[in-house]
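In: Have a look at this prediction, sequence included:
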Amino acid sequence: MREAGLEVMRDRIGNLFGLWRVGAAQAAPLMLGSHIDTVINAGIYDGCYGVLAALEVVEALRAAGLAPERPLLVAAFTNEEGVRYAPDMMGSLVYAGGLDVAAALATIGTDGTVLGEELARTGQAGPHEPGFLRPWAYLELHIEQGPILAHEGVPIGAVENLQGISWQRVTIEGVANHAGTTPMALRQDAGHAAARVVTFLRERAARDAAPAVATVGCMAFTPNAINVIPSRAVFTVDLRDPDAARLRAAEEELARFLETLAAEEGVSISTEHLARFEPVVFDPVLVATIEDAAAARGLRARRMTSGAGHDAQMIARLCPAAMIFVPSRDGISHNPREYTAPAALEAGANLLLDVSRRLTATG
Ligand code: GLV
Ligand code: MN
Ligand code: MN
């Protein structure tokens with residue numbers, strides 16, 4: 001960012017910004033960005049692509065001697081993934097005023113660390129109050145992370161909405177007992193109860209034709225020994241649906257299932273919400289601008305719903321926002337096999353450039 005001539009700033013939650021003060025310097029900036037944190041054992045494109053492409057837009061404009069009518073702001077938001085510290089999209093959520101910065105900084109990680117201390121220790125905590133620069137509009141370029149564009153051979157996704165996300169941690173308490181001596185009917189097996197939740201979620205999601213998805217991504221048994229019936233199972237539930245009412249219905253059905261399960265299995269069950277975000281509809285004018293700009297470049301585009309969470313859904317609380325997707329090979333993401341061909345990455349970055357030019361009357 002410094003090499004690109006940007007003014008580099010960080011806010012208290014560690015969001016990183018590079019500001020190009022250009023055009024009407026007091027005007028609210030066009031913000032372009034994404035995130036550079038990753039999941040465990042991640043691919044290299046998720047997030048980084050959008051930040052690097054934003055930087056590339058600035059560099060391309062400067063190299064061409066073009067001056068936007070308003071400032072450009074490159075953003076890399078903290079902790080988009082939320083793997084170590086929940087909720088996800090934390091940096092952009094705090095930036096948009098949806099979570100108090102002090103509460104976010106006090107978040108305890110999966111490794112027992114405190115986010116605020118880790119940000120300070122790693123030199124990522126800055127002096128600015130989150131939200132200190134209010135964007136005029138926000139664009140985020142990202143890999144699709146799903147199979148649709150690759151399957152259809154379409155190079156560009158104009159993302160018009162993003163599904164709601166519900167994260168919970170479920171704790172099931174049973175009774176540890178001997179694996180060899182305890183008859184099956186007399187067990188209070190937290191592990192078996194947890195397994196029933198996994199299959200319930202899967203079968204429920206498969207039952208209706210709705211695009212609802214459900215995932216149990218983490219599970220830990222106590223005492224975690226081959227010959228001991230688990231006394232405790234702790235696991236996460238990730239529920240998503242583009243429809244707010246259906247997402248709520250899924251949560252309610254899970255809650256009812258857990259009540260029945262507790263009675264049937266002789267276990268006690270508690271739940272804790274880790275993240276809860278309603279579906280988001282992106283700005284229709286920006287989405288149409290993305291489509292028009294793609295057409296002008298001879299790139300086919302299709303409208304789509306984002307299955308993944310993105311910082312754009314938080315920044316949409318502050319200003320008009322939209323996203324551009326490029327294809328993911330085999331629809332693979334959150335995996336080192338994540339891949340998008342260089343030409344496809346370049347096409348997306350060029351489109352980000354074109355849309356930015358249209359929005360900022362760059363000449
Ligand atoms: C972020 O990648 C998410 O959708 O969980
Ligand atoms: Mn991402
Ligand atoms: Mn991700």
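Out: Arrived safely, thanks for sending. Just so it is clear, the structure is predicted and the values come from calculations on it, not from any experiment. Ligands and ions are numbered 1, 2, ... in the order given.

In: near ligand 1, which residues of this protein?
Out: Counting by CB under 6 Å from any ligand atom, the residues of the chain lying close to ligand 1 are 81, 88, 308, 309. Any C-beta I mention is one placed from the backbone N, CA and C, and that applies to glycine too.

In: please redo it, this time with the cut-off set to 8 Å
Out: When proximity is defined by CB under 8 Å from any ligand atom, the chain lies next to ligand 1 at 39, 46, 80-82, 88-89, 145, 165, 238, 240, 307-310, 333-334.

In: Weed out the non-buried ones from these.
Out: Those of the residues of the chain next to ligand 1 that meet the buried threshold are 39, 46, 80-82, 88-89, 145, 165, 238, 240, 307-310, 333-334, by 16 or more other CB atoms under 10 Å.

In: same for ligand 2: which of the residues you listed are within range?
Out: The residues of those that also fall near ligand 2, by CB under 5 Å from the ion, are residue 46.

In: Okay, and which of the residues of the chain next to ligand 1 map to strands?
Out: Assignment to strands by DSSP state E places the following of those there: 165, 238, 240.

In: Could you double-check that the second one lies in contact with residue 167?
Out: Yes - taking contact to mean CB atoms under 8 Å, the distance of 5.7 Å between residue 238 and residue 167 places them in contact.

In: I'd like to know which residues of the stretch 1-150 of the chain are adjacent to ligand 2.
Out: Those residues of the stretch 1-150 of the chain that sit near ligand 2, judged by CB under 5 Å from the ion, are 46, 47.

In: go again using 8 Å as the cut-off
Out: 34, 35, 46, 47, 50, 80, 81, 142, 143, 145 (CB under 8 Å from the ion).

In: Please identify which of these is nearest to residue 181.
Out: Distance to residue 181 across these (CB to CB) is lowest for residue 81, with 43.7 Å.

In: can I see the domain layout of this protein?
Out: Residue ranges for the structural domains of the chain, counted by automatic domain parsing, are given in the record as 7-162+280-360, 164-277.

In: which residues touch the spatially most central residue of the chain?
Out: A centroid search over the chain (CA atoms, centre = their mean) returns residue 309, at 3.1 Å, as the residue closest to the centre. For residue 309, the set of contacting residues under the criterion of CB atoms under 8 Å, 6 or more residues apart in numbering consists of 80, 88, 89, 162, 165, 277.

In: Which residue is the nearest non-sequential neighbour of the fourth one?
Out: To tie it back to what came earlier, the one meant is residue 162. By the measure of CB to CB, 6 or more residues apart in numbering, the closest residue to residue 162 outside its immediate chain neighbours is residue 306, 4.1 Å from it.

In: mind checking pLDDT for the one you found?
Out: At residue 306, the pLDDT value in this model is 97.

In: Count the neighbours of it for me.
Out: For residue 306, the count of nearby residues is 25 (other CB atoms under 10 Å).

In: what do you get for residue 72?
Out: Residue 72: 24 surrounding residues under other CB under 10 Å.

In: Grab the nearest non-local neighbour of it.
Out: Of all residues not flanking residue 72 in the chain, residue 20 sits nearest, at 4.5 Å (CB to CB, 6+ apart).

In: Now do that neighbour against ligand 2, distance only.
Out: Residue 20 is 23 Å from ligand 2, where distance means CB to the ion, to the nearest Å.

In: surely that residue meets residue 59?
Out: No - the pair residue 20 / residue 59 is not scored as a contact, 9.9 Å apart, by CB under 8 Å.

In: For these two, list the residues in contact with both.
Out: Between them, residue 20 and residue 59 share the neighbouring residues residue 4, with contact defined by CB under 8 Å, 6+ apart.
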